[in-house]
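K.L.:
give the three-dimensional model of this entry:
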Amino acid sequence: TLFRLKETRKTTDSIIQNLNGRIFSTAGDSIMAEFASPVDAVEAALEIQNKIIKNITEITDNIIIEFRIGVNLGDIMVQDNNLYGDNVNIAARLESISKPGEICVSEKVYQEIKNKVDIKFKFMGTKKLKNISEKINIYISTISEVEKKSLKKDLHFKKFLYGLLVLFFIFIVAFVTYKFYFSEKK
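P.N.:
Numbering: from 1, shown residues only. Below is the predicted model of the structure:
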């Protein structure tokens with residue numbers, strides 16, 4: 001799992017840096033990054049989700065890491081190379097209520113990015129988030145369920161093919177061993 005996390009982090013860190021983001025914290029399997037533009041932040045989130053889902057189809061060891069992403073917009077405080085403030089907490093709460101593969105954004109982010117990014121968001125209502133005084137309008141987007149199912153089918157099909165290949169290999173070894181054993185007896 002640690003190996004897979006490190007491999008995944010190479011992907012996520014590169015995407016964040018390419019879209020002008022700064023990584024502040026990486027405790028455990030989480031990443032906290034700051035972007036000057038909400039469009040760049042959501043583009044990074046979308047690219048990360050797309051790459052992670054695509055990479056899952058190439059994994060054969062069943063160690064899969066999926067991300068939930070929360071994006072908020074607003075003032076923050078930087079101290080000792082870390083981010084603080086309600087807007088950071090809101091982003092963290094948005095992440096915590098999303099599901100793997102989802103991107104959850106606040107109303108402020110949604111208003112800034114609508115019609116500017118290639119992803120659709122669904123209004124999920126006004127929610128009370130833990131330790132946040134005011135309710136927040138929340139929008140959720142996922143990679144389309146059709147695309148996710150298609151990628152999962154591809155993964156299952158690849159596993160099926162690998163299984164057939166292994167069975168074929170075992171059959172060949174057994175056949176050669178059988179022929180060799182009986183041809184030695186004659």
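K.L.:
what's the weakest-modelled helix or strand in the protein?
P.N.:
Averaged element by element with mean pLDDT, DSSP states H and E, the chain has its least confident helix or strand at helix 145-185 (a mean of 62).
K.L.:
which stretches of this protein have low pLDDT?
P.N.:
Per-residue confidence for the chain (pLDDT under 70) gives these ranges: 81, 142-169, 171, 173-178, 181-186.
K.L.:
how about a cut-off of 80?
P.N.:
25, 27-29, 57, 59-60, 62, 76-85, 142-186 (pLDDT under 80).
K.L.:
need the strands for it, in chain order.
P.N.:
Secondary structure of the chain by DSSP state E: the strands cover 22-25, 32-34, 69-71, 77-79, 82-84, 102-106, 122-127, 136-142.
K.L.:
residues of the last one that come out buried?
P.N.:
Within strand 136-142, the residues that qualify as buried are 136, 138-142, counting by 16 or more other CB atoms under 10 Å. Heads up, the C-betas are built off the backbone N, CA and C, glycines and all.
K.L.:
deepest in the core, which of the strands of the chain is it.
P.N.:
strand 102-106 (a mean of 26; mean count of other CB atoms under 10 Å).
K.L.:
for residue 76, give me its contacts.
P.N.:
For residue 76, the residues meeting the contact criterion (CB atoms under 8 Å, 6 or more residues apart in numbering) are 34, 83-85, 87-88.
K.L.:
distance check, it against residue 19.
P.N.:
18 Å (CB to CB, to the nearest Å).
K.L.:
residue 33 is in contact with residue 48, isn't it?
P.N.:
No: distance between residue 33 and residue 48: 10.1 Å, which falls outside the contact criterion (CB atoms under 8 Å).
K.L.:
who touches both of those two?
P.N.:
Once CB under 8 Å, 6+ apart is applied, the residues that residue 33 and residue 48 both contact turn out to be residue 16.
K.L.:
redo the strands of the chain as TSV? Include distance to residue 56.
P.N.:
Rendered in TSV, the data for these read as follows (distance: least, CB to CB, whole Å):
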stretch	distance to residue 56
strand 22-25	23
strand 32-34	22
strand 69-71	16
strand 77-79	34
strand 82-84	29
strand 102-106	15
strand 122-127	23
strand 136-142	14
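K.L.:
of all those strands, which one is nearest residue 53?
P.N.:
Taking CB to CB as the measure, the strands of the chain were each checked against residue 53, and strand 136-142 came out nearest at 9.8 Å.
K.L.:
any idea how far the closest one is from the middle of the chain?
P.N.:
Once both centres are worked out by CA atoms, centre = their mean, to the nearest Å, strand 136-142 turns out to sit 16 Å from its chain's centre.
K.L.:
counting contacts, what elements does it pack onto?
P.N.:
If contacts are counted by 3 or more CB pairs under 8 Å, 6 or more residues apart in numbering; DSSP states H and E, strand 136-142 sits against helix 86-97, strand 102-106, helix 107-113, strand 122-127.
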